[in-house]
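# pasting the sequence and the predicted model now:
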Amino acid sequence: MTRLAYLRDEVAMDHPIVNQSAVDVAKLVQRMTSHYFAHVAAMYVARDPRAELFAPPIEDGQNVPILRIPRRDGNNMEMWFNYYLAENRKVEAVEDFDRVWLTGALLQVGDALGAHGYFNHEPEAEIIRHLRNGIAHGNRFNFQPAVLDKQTGHLKYPANISRYAARQVMPAYEIDTHLQGQEVLWTWGGPCAVVDCLTVLGIHLWNMGHGIPPPVAN
């Protein structure tokens, strides 16, 4: 169970919901982080050669185990189970799967945050905003004038997880304009960085939704 799941159990007993939208997005974030861990667990099993023991039985008229993927029209796509299972062991497959998951999670959560004005531009929401936008635009940070402070040249709204990093025992990830043009994945960070930021966002929004003030940054 993630830290967010523990936190949800704790606060639900003592704090009424004061911001349903924050709670709803927190639940989405938790689902995304939980699914990532489920993805890692599934790939751990799939990359073990012993996973071939779970292959479907070889059917009459077939030389290898066949797995069928249903189409909407009632027909099936057919795949050679062992061949594609072995694809999971390729190094590029590991990165591709992680990239696809991270991109999808950032797009979904980022859009949910945007629909709620990034919850008054909280730094934990803003960091996901810029990760999402970078992923969606060529995997490069590209800060448009609308998000910049004309006086300082930095972002108008801080984008970091500094308030939670120490208590969650994770790096204090931050995004600012010095990253302009740099690659998001994997130069800025990989799965651990994205999942850490999502985890903190989930905790922060769950607290917000229950009227619990954020910690003071160290």
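Here it is on my side, so go on. Since the model is a prediction, treat every value here as computed from it, not as a measurement.
# so which bits of stretch 55-74 are buried?
65-66 (16 or more other Cβ atoms under 10 Å). In this view, the C-beta of every residue, glycine as well, is placed from N, C-alpha and C.
# for it, which outside residues touch it?
With contact meaning Cβ atoms under 8 Å, 6 or more residues apart in numbering, stretch 55-74 is reached by 76-85.
# so for residue 10, what's the pLDDT?
Note on residue 10: pLDDT of 52.
# ok, residue 218 next?
Predicted confidence (pLDDT) for residue 218: 64.
# related to what we said a few turns ago, restricted to strands, list the contacts of stretch 55-74.
Counted as lying in strands by DSSP state E, out of the contacts of stretch 55-74, are 76-80.
# which residue packs closest to residue 139, ignoring adjacent ones?
Nearest in space to residue 139, with sequence neighbours left out and distances taken as Cβ to Cβ, 6 or more residues apart in numbering, is residue 184 at 5.2 Å.
# how about the contacts made by the one you found?
131, 134-135, 139-141.
# can you list those in a markdown table and add neighbour count, pLDDT and distance to residue 110?
Formatted as a markdown table, those follow (neighbours: other Cβ atoms under 10 Å; pLDDT from 0 to 100; distance: Cβ to Cβ, whole Å):
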| residue | neighbour count | pLDDT | distance to residue 110 |
| --- | --- | --- | --- |
| 131 | 28 | 98 | 7 |
| 134 | 22 | 97 | 10 |
| 135 | 22 | 96 | 8 |
| 139 | 16 | 97 | 14 |
| 140 | 16 | 98 | 16 |
| 141 | 23 | 98 | 14 |
